[in-house]
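[1] starting from these lines, generate the structure:
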Amino acid sequence: SAAGSTEGQLVIQLGTHVGFTTLNVVRRRSAVEDILVSGGTAVICTEDEDLRERVVAIAGEGGVAKAIDCVSGQVGADVSRALAPHGELVVFGALSTHRQTDPAKLTIPIFARSLIYETKSVRGFWLFRW
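    As a prediction, this is how the structure comes out:
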């Protein structure tokens, strides 16, 4: 998520250099072309596309093996649902919580069955604790 951010751009460059594909999530349609020009494999725009449906259309029913998220909230939940069994999500930000006071907006609603039966994992990352 937040593929237009500095971290998102770094992942795109790393994917281009090392040779892995990237599914890049952006909030605004105006950012899509920039992501593709910078080397992103595919772009999902949450302004007018369903994230989970687009992941299936791009990656197939199996989902993706790895994901990073700096938005959290519902976007983070949708990213977690797009993971393949045994997939891993690393959360390193919470942009969706900016200026929020509603406790529901401060969470990532993760399905327990995904963690149990599909053995997906979600973990946090904070550079200062690395």
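
[2] next secondary structure after the helix or strand encompassing Glu53?
    With the criterion set as DSSP states H and E, the secondary-structure element containing Glu53 is helix 51-59. The C-terminal neighbour of helix 51-59 among helices and strands, as given by DSSP H and E, is strand 64-69.

[3] what are the ranges of the helices in the protein?
    Listed in chain order, the helices of the chain (DSSP state H) span residues 6-18, 32-37, 51-59, 73-81, 112-116.

[4] centre of the chain to the shortest one, how far?
    Same thing as helix 112-116. Centroid separation between helix 112-116 and its chain, computed with C-alpha atoms, centre = their mean, to the nearest Å, is 18 Å.

[5] CSV for the helices of the chain, including mean pLDDT and distance to Val122?
    (Each C-beta comes from the backbone N, C-alpha and C, glycine too.) Below are the helices of the chain laid out as CSV (pLDDT from 0 to 100; distance: least, C-beta to C-beta, whole Å):
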stretch, mean pLDDT, distance to Val122
helix 6-18, 95, 18
helix 32-37, 97, 24
helix 51-59, 95, 16
helix 73-81, 93, 6
helix 112-116, 94, 7
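
[6] so for Trp130, which of these sits nearest?
    Checking these against Trp130 by C-beta to C-beta gives helix 6-18 as the closest, at 13.8 Å.

[7] returning to that earlier point: packed most tightly, which of the helices of the chain would that be?
    Looking across these with neighbours counted as mean count of other C-beta atoms under 10 Å, the highest average goes to helix 73-81: a mean of 22.

[8] what sits up against it?
    Contact with helix 73-81 is made by 1, 25, 46, 51-52, 67, 69, 89, 91, 94, 96-97, 105-111, 114, 120, 122, as judged by C-beta atoms under 8 Å, 6 or more residues apart in numbering.

[9] let's see it at 7 Å
    In this structure, residues lying in contact with helix 73-81 by C-beta atoms under 7 Å, 6 or more residues apart in numbering are 1, 25, 46, 51-52, 67, 69, 89, 91, 96-97, 105, 108-111, 114, 120, 122.

[10] residues in contact with stretch 119-130?
    Outside stretch 119-130, the residues that touch it by C-beta under 7 Å, 6+ apart are 80, 83, 85-92, 110, 114.
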